[in-house]
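Asks: I'll drop the sequence and a predicted model, then ask my questions.
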Amino acid sequence: MTYKIILLGPQGSGKGTQAQILSKKLNVPALAMGQLLRDEVAAGSDVGLKVDGILKSGNLVSDEVAAEVLQARLSRPDAVNGYVLDGYPRNLKQYAAFTFDAPTHVIVIEVPREESLRRLGGRLTCSSCGAVASTKDGAKEGDACACGGKFVRRDDDTEAAINRRLDIYDNDTTPMLGKFEEKGVLVRVDGVGSVEEVRERIMEKLAI
């Protein structure tokens with residue numbers, strides 16, 4: 001079976017970690033929009049030059065351009081047998097722009113706000129590849145990542161900033177979930193517990 005999976009959930013739900021696990025299990029690429037945009041800029045592609053110009057002008061990349069970047073990435077050979085898409089689409093406008101493919105599963109990892117705040121309070125992010133570690137697991141700022149980058153604390157990982165992002169998720173992403181539910185592809189998973197426990201719940205839902 002081809003698995004075209006979208007992973008959604010509030011910040012701190014662990015979707016990035018679970019995306020990597022699923023990617024290895026299914027032997028398909030794990031994709032995140034922020035990294036896709038950075039990759040296109042680094043590659044100097046036509047769409048990358050467009051993205052670079054937008055970002056350098058201080059503007060946000062439009063939903064249409066983001067969709068163009070994703071469509072180009074999904075056309076590459078390694079995605080022909082499926083993919084795991086982390087955190088996209090995030091709202092109804094992005095959903096409307098995502099017309100060029102259809103997910104087989106949309107997994108929503110659900111955690112309470114208090115749990116998101118607890119987890120993100122200790123989060124460190126690789127400055128190069130975006131991998132995530134936690135001070136609660138013994139990681140420290142400046143530690144080396146496997147990719148060669150270093151783990152840093154993001155400027156937007158303050159409690160006030162986290163709460164704002166969680167509000168955006170509640171207001172923008174939650175209404176969009178109904179669209180996938182209508183299509184019969186939405187799967188809800190309890191995200192409280194260890195990485196392994198959540199992994200097992202996801203695998204059970206996917207029957208793999």
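Replies: It's in. Numbering: from 1, shown residues only.
Asks: Tell me the pLDDT of Gly58.
Replies: pLDDT recorded at Gly58 is 78.
Asks: Report how many residues lie close to it.
Replies: Here the count is done by other CB atoms under 10 Å, and Gly58 has 6 residues near it. Where you see a C-beta, it was placed from the backbone N, CA and C, and this is true even at glycine.
Asks: secondary structure class for it?
Replies: Put simply, Gly58 is coil when judged by DSSP: H, G, I helix; E, B strand; the rest coil.
Asks: distance of it from Leu49?
Replies: Counting by CB to CB, to the nearest Å, the separation of Gly58 from Leu49 is 17 Å.
Asks: now Met33
Replies: Met33 sits at a distance of 18 Å from Leu49 (criterion: CB to CB).
Asks: Give me the residue at the spatial middle of this structure.
Replies: By CA atoms, centre = their mean, the chain has its centre lying nearest to Asp86, at 2.6 Å.
Asks: Dig out what it forms beta bridges with.
Replies: Leu7, Ala32 (DSSP bridges).
Asks: Can you give me the pLDDT of it?
Replies: At Asp86, the model reports a pLDDT of 95.
Asks: Over to the one 3 residues further on?
Replies: Per-residue pLDDT puts Pro89 at 96.
Asks: Now do the same contact list for the nearest residue to it once chain neighbours are set aside.
Replies: Spatial nearest neighbour of Pro89, excluding adjacent residues (CB to CB, 6 or more residues apart in numbering): Tyr95 at 4.6 Å. Under the criterion of CB atoms under 8 Å, 6 or more residues apart in numbering, the contact list for Tyr95 reads 89, 176, 179.
Asks: out of Met33 and Leu49, which sits in the busier spot?
Replies: Per other CB under 10 Å, whichever of Met33 and Leu49 has more neighbours is Met33, with 20 against 13.
Asks: OK, contacts around the closest residue to the more buried one other than its chain neighbours?
Replies: Leaving aside its sequence neighbours, Met33 sits nearest to Tyr88 (CB to CB, 6+ apart; 4.7 Å). Residues near Tyr88 by CB under 8 Å, 6+ apart: 6, 31-33, 66, 70, 94, 98.
Asks: Do a quick rundown of the helices in this protein.
Replies: In the chain, the helices defined using DSSP state H lie at 15-26, 33-43, 46-56, 63-74, 92-97, 113-120, 159-168, 174-182, 195-206.
Asks: Can you give the distance of the fifth one from its chain's centre?
Replies: If you compare the mean C-alpha spot of helix 92-97 with that of the full chain, they lie 16 Å apart, counting by CA atoms, centre = their mean, to the nearest Å.
Asks: just the first one next, same as before
Replies: Distance of helix 15-26 from its chain centroid, counting by CA atoms, centre = their mean, is 10 Å.
Asks: for that helix, which positions count as buried?
Replies: Of the residues in helix 15-26, 15-19, 21-23, 26 count as buried by neighbour count, 16 or more other CB atoms under 10 Å.
Asks: Spit out the contact partners of the spatially closest residue to Glu68 that is not a sequence neighbour.
Replies: Leaving aside its chain neighbours, Glu68 sits nearest to Val47 (5.6 Å; criterion: CB to CB, 6+ apart). By CB under 8 Å, 6+ apart, the residues touching Val47 are 40, 65, 68-69, 72.
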